[in-house]
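Engineer: turn this into a model:
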Amino acid sequence: QLLGVFTTDLDVIRAGEGPLRMLGAAVMFNAVGNVLPAALRGAGDTRAMMMVGFVA
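Structural biologist: So this is what the prediction gives:
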């Protein structure tokens with residue numbers, strides 16, 4: 001349905017379904033990756049996140 005907003009070509013919609021599903025799954029992991037470090041910083045554990053930032 002989301003791809004239907006941009007095009008009515010069924011071949012394009014079918015080709016985009018797989019990548020869009022993978023992107024949707026990746027967004028969930030990305031959200032967790034953003035929330036957990038922010039929670040640690042909010043709790044006062046800034047040194048651990050600083051070290052992870054340097055390594056990454």
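
Engineer: list the residues that contact residue 17.
Structural biologist: Residue 17 makes contact with residue 3, according to C-beta atoms under 8 Å, 6 or more residues apart in numbering. (Each C-beta comes from the backbone N, C-alpha and C, glycine too.)

Engineer: what's the spacing between residue 38 and residue 49?
Structural biologist: 9 Å (C-beta to C-beta, to the nearest Å).

Engineer: buried set for stretch 21-41?
Structural biologist: residue 37 (16 or more other C-beta atoms under 10 Å).

Engineer: so where's the longest helix in this protein?
Structural biologist: What stands out as the longest helix in the chain, according to DSSP state H, is helix 10-42.

Engineer: spatially central residue in this structure, please.
Structural biologist: Nearest to the geometric centre of the chain sits residue 27, at 2.5 Å (C-alpha atoms, centre = their mean).

Engineer: how close does that residue get to residue 9?
Structural biologist: Residue 27 is 25 Å from residue 9, by C-beta to C-beta.

Engineer: same check, this time on residue 24
Structural biologist: From residue 24 to residue 9 the distance is 21 Å (C-beta to C-beta).

Engineer: also residue 29?
Structural biologist: Residue 29 is 31 Å from residue 9, where distance means C-beta to C-beta.

Engineer: isn't residue 7 right up against residue 13?
Structural biologist: Yes - applying C-beta atoms under 8 Å as the test, residue 7 and residue 13 come out as touching, 6.6 Å apart.

Engineer: so these two - more neighbours on which side?
Structural biologist: Applying other C-beta atoms under 10 Å to residue 7 and residue 13 shows that residue 13 carries more neighbours, namely 16 against 11.
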